[in-house]
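A.B. asks: I'd like to go over a predicted model; first the sequence, then the structure.
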Amino acid sequence: MLQVIIIQKYYRRWLAKKYVAGVREKVRKRQEWEEQEEINKRKEKEGRIQQEFERRMNPKSKEDFELLFRALDSKQFSHCHKCKNMNEKINPVKLNDIFE
């Protein structure tokens with residue numbers, strides 16, 4: 001009877017070690033996957049930024065030119081809005097600061 005208990009003890013120990021090793025492996029794979037996803041997202045974002053930069057620097061399509069026009073228009077609007085909201089005496093130095 002004692003031998004059966006000893007065999008049972010070793011068998012349960014072996015099963016527990018196998019289970020823990022499996023759980024650790026799943027956790028490790030999950031962490032690797034999450035790290036890879038983060039790297040992919042970062043690369044994708046950098047690619048989009050680079051593509052947007054290229055579109056602005058070298059416009060080729062109608063959409064590219066529209067993008068540039070909207071950016072320029074919004075910038076001009078914000079500058080005009082700043083100029084209209086000035087209550088002080090406008091001097092050339094302040095105007096240069098606004099338009100730079």
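C.D. replies: Noted; the coordinates are in hand.

A.B. asks: CA only for contacts and neighbour counts going forward, please
C.D. replies: Will do.

A.B. asks: Could you list the single helix or strand in this protein with the lowest mean pLDDT?
C.D. replies: Taking mean pLDDT, DSSP states H and E as the measure, the helix or strand of the chain with the lowest value is helix 92-99, at a mean of 61.

A.B. asks: what about the protein, any weak spots by pLDDT?
C.D. replies: Counting by pLDDT under 70, the chain has low-confidence residues at 75-100.

A.B. asks: Let me see the domain layout of it.
C.D. replies: 1-58, 61-100 (automatic domain parsing).

A.B. asks: quick one: the helices in this protein?
C.D. replies: Secondary structure of the chain (DSSP state H): helices at 2-57, 62-84, 92-99.

A.B. asks: next one: the first one to chain centre, how far?
C.D. replies: Taking the mean of its C-alpha atoms, helix 2-57 sits 21 Å from the chain's own mean (Cα atoms, centre = their mean, to the nearest Å).

A.B. asks: helices or strands up against that helix?
C.D. replies: Applying 3 or more Cα pairs under 8 Å, 6 or more residues apart in numbering; DSSP states H and E, we find helix 2-57 packed against helix 62-84.

A.B. asks: Can I get the domains of the chain in CSV including mean neighbour count?
C.D. replies: Listed next are the domains of the chain as CSV, based on neighbours: other Cα atoms under 10 Å:
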stretch, mean neighbour count
domain 1-58, 12
domain 61-100, 11
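
A.B. asks: any idea how far the spatially most central residue of the chain lies from Gln8?
C.D. replies: Centroid-nearest residue in the chain: Arg42, 5.1 Å away (criterion: Cα atoms, centre = their mean). According to Cα to Cα, to the nearest Å, Arg42 stands 51 Å off from Gln8.
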